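Visitor: Give me coordinates for this.
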Amino acid sequence: MTLRTKLILAFTGLVLIVVSLLGVVAVRSTRRVLLNQIEDRLLTASGADVFPELDRDQQPVGRTLAIVILDADGVVLRSFPSGLPGRFDPLPDTSGLDDIPLRRGRPFTLPAVTGGEEYRALAAEAPDGRVFVIAHTLRDVTAAEAALTRRLLTGGGLVLLLGIGGVWLTVRRGLQPVENMIDTASAIAAGDLSQRVPEADPGSELGRLGASLNEMLASVEIAFVAENRANERLKQFVADASHELRTPLAAISGYAELDRRGALSDPTERERVMRRIESETKRMGRLVEDLMFLARLDLGDQAGAMLVQRPVDLAAIARDAVADHHAIDPDRPVSQVGLERAVVHGDSERLTQVVANLLANLRVHTRPGTTATLSVLEADGWVEATLADTGQGFPADALPLVFDRFYRADPSRSRRSGGSGLGLAIVAAIVEAHGGTVEATNDHGAVISFRIPKNSPGPNSRPTLS
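Guide: The predicted structure follows:
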């Protein structure tokens, strides 16, 4: 049984009880009032001097009261019915009155001798010892009582129907937010996490409940989407890592198989193969180290990937990195502009790795002769470093993805010349671990910039003493 049905049935039962009680009280009150009026008339009649009149032989005409004269033993001497000639009422039945002396002065009820009617009666004693029973028919009282009962039943039924209708509308309107919540929950259970409970009166309990549910659903959706994305990234990460490791492993395995079969009998060829095995081993080691470093940053404190927080001159780090770059690749000149000193609170080794990775990305992905500018500026409590080159820039569809792990803007580039695809991902991870942001744009070439707060440690780290 639904809550709506229970509420309607409960209200219907309550209204039925109230209407029934009011009807009973109304009917009994009306009967009591009418009986009081009749008893007043009986008392008035019992005090009147009607006895001499009743000793006459003629029947009183048009009387509203019936009179029965009894002797001291209760034997009927004379009787005068109420009503009109030809339409007299049946007389009250006094045959069962064996305690008339006890009833004198107190109204009581008598049945009629025929017809099933009732009388309200009063006994009075005449001076000669006779007992006069004066009675008034209750026919009108019974008729009024029946008429009132019919009206109350009709009116009560109408009130009950109107009440049920009003309660149905009120309950339906009041429980509509609950119905909306049920529909929303069903839709969410079917997989549509974007569903929300329609807004209701914020001042009502259901309105506040709906608002709280919407906040909870928004959090659940965000968490669910984040989990799905994390799972997809994990799957892609595992697939890419496996793919990256497969190439050097295949090369090492192939060279080992050649050696096992004796195909490397020439010492020169054997030395060349050993150098290739060593090179592939180092490349695989670097890849594993990068993966482990990213994993530690993802796990934060749990994996001990703590940044050594101390004042660091980012401008000095940039100068050293540019000097190293010129020694490695003089064909791609880089000039440094901006501040001579820009102190931030961070990890010197990791920030050096950030700048080095940016310059390595320049060497890998631009043509010889490409120039670049590395600027270090300060504004609003942040230090920003930007590397802008004059190369071909990023493809427009690659800009949102350049910091993803194993992403290459040019899938056809070989892994030997194009790197592992982890350089910019490591840049983003280190900058974010410092509480900073990183961005890639195009402006007559590729532009990569990152910002580090000057004085506040990153959210995933804490200062360490060293």
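Visitor: Now the strand or helix carrying residue 322: buried residues?
Guide: Assigned by DSSP states H and E, residue 322 belongs to helix 314-328. Neighbour counts using 16 or more other CB atoms under 10 Å place 314-319, 321-322, 325 of helix 314-328 among the buried residues. (Glycine included, C-beta is placed from N, CA and C.)
Visitor: for residue 280, what are its contacts?
Guide: Each residue near residue 280 by CB atoms under 8 Å, 6 or more residues apart in numbering is listed here: 248, 251-252.
Visitor: out of those, which is most surrounded?
Guide: Most neighbours among these, by other CB atoms under 10 Å: residue 248, with 21 neighbours.
Visitor: How many neighbouring residues does the residue lying closest to residue 363 once chain neighbours are set aside have?
Guide: Of all residues beyond its chain neighbours, the one nearest residue 363 is residue 329 (4.9 Å), with distances taken as CB to CB, 6 or more residues apart in numbering. By other CB under 10 Å, 17 other residues sit near residue 329.
Visitor: So residue 329 versus residue 141, what's the distance?
Guide: 121 Å (CB to CB, to the nearest Å).
Visitor: next one: residue 406
Guide: Distance from residue 406 to residue 141, by CB to CB: 101 Å.
Visitor: higher neighbour count, the two?
Guide: residue 141 (19 against 16).
Visitor: right, and that one touches residue 34 too?
Guide: Yes. Between residue 141 and residue 34 a contact is recorded at 4.6 Å, counting by CB atoms under 8 Å.
Visitor: Show me which residues of the one helix or strand residue 274 maps to are buried.
Guide: Using DSSP H and E, residue 274 sits within helix 267-299. Applying a neighbour-count criterion of 16+ other CB under 10 Å, one finds 273, 277, 280, 283-284, 287, 290-291, 293-294, 296-297 buried in helix 267-299.
Visitor: can you check stretch 378-394 too?
Guide: Buried residues in stretch 378-394 (16+ other CB under 10 Å): 378, 383-391, 393-394.
Visitor: and which of the buried residues of helix 267-299 is nearest residue 371?
Guide: Checking the buried residues of helix 267-299 against residue 371 with CB to CB, the nearest one is residue 290 at 28.2 Å.
Visitor: Tell me the secondary structure at the nearest residue to residue 421 once chain neighbours are set aside.
Guide: The spatial neighbour of residue 421 that comes closest, neighbours along the chain excluded (CB to CB, 6+ apart), is residue 406 at 4.0 Å. Under DSSP: H, G, I helix; E, B strand; the rest coil, residue 406 falls in the coil class.
Visitor: can you pull the pLDDT of residue 406?
Guide: pLDDT recorded at residue 406 is 72.
Visitor: ok, now residue 365?
Guide: Value for residue 365, per-residue pLDDT: 86.
Visitor: tell me what the top helix by length along the chain is packed against?
Guide: When the chain is parsed with DSSP state H, its longest helix is helix 205-260. Using 3 or more CB pairs under 8 Å, 6 or more residues apart in numbering; DSSP states H and E, the elements in contact with helix 205-260 are helix 176-189, helix 267-299.
Visitor: okay, the angle between that helix and helix 176-189?
Guide: 10 degrees (axes from the mean of the first three to the mean of the last three CA atoms, to 10 degrees).
Visitor: Helix 205-260 versus helix 267-299: what angle between them?
Guide: Using the same axes, to 10 degrees: helix 205-260 against helix 267-299 is 170 degrees.
Visitor: mean confidence for the one helix or strand residue 146 maps to?
Guide: Taking DSSP H and E as the definition, one finds residue 146 inside helix 139-174. Averaging pLDDT along helix 139-174 gives 85.
Visitor: unless I'm mixing things up, the residue nearest to residue 363 is touching residue 361, no?
Guide: No. With contact defined as CB under 8 Å, residue 329 does not count as touching residue 361 (12.0 Å).
Visitor: got the buried residues of helix 267-299 as CSV, with pLDDT and distance to residue 374 columns?
Guide: Listed next are the buried residues of helix 267-299 as CSV, based on pLDDT from 0 to 100; distance: CB to CB, whole Å:
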residue, pLDDT, distance to residue 374
273, 79, 40
277, 82, 37
280, 79, 32
283, 75, 27
284, 80, 31
287, 76, 27
290, 75, 23
291, 76, 28
293, 75, 23
294, 74, 24
296, 71, 27
297, 69, 24
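Visitor: Tell me which two of these sit farthest apart.
Guide: Using CB to CB, the buried residues of helix 267-299 reach their maximum pairwise distance at 273 and 297, which is 36.5 Å.
Visitor: that older thread, outside of the helix holding residue 322, which residues touch it?
Guide: With contact meaning CB under 8 Å, 6+ apart, helix 314-328 is reached by 332-336, 338-344, 346, 348, 351-352, 355-356, 359, 362-363, 374, 376, 383, 385, 452.
Visitor: List buried members of those residues by neighbour count.
Guide: Among the contacts of helix 314-328, those scoring as buried are 332, 334, 336, 338-339, 342-344, 346, 348, 351-352, 355-356, 359, 362-363, 374, 376, 383, 385, 452 (criterion: 16+ other CB under 10 Å).
Visitor: Select from those residues every entry located in helices.
Guide: Per DSSP H, the subset of the buried ones among the contacts of helix 314-328 in helices is 348, 351-352, 355-356, 359, 362-363.
Visitor: Tell me which two in these are the farthest apart.
Guide: 348 and 363 (22.6 Å).
Visitor: is it true that residue 311 lies in a strand?
Guide: Yes. Checked against three-state DSSP, residue 311 lies within a strand.
Visitor: worst-scoring helix or strand of the protein, pLDDT-wise?
Guide: helix 415-418 (a mean of 47; mean pLDDT, DSSP states H and E).
Visitor: right, and the helix or strand after it?
Guide: Next helix or strand after helix 415-418 toward the C-terminus (DSSP H and E): helix 423-433.
Visitor: Show me what that next one is packed against.
Guide: With contacts defined as 3+ CB pairs under 8 Å, 6+ apart, helix 423-433 has these neighbours: helix 267-299, helix 348-365, strand 437-442, strand 446-453.
Visitor: Lovely, talk soon.
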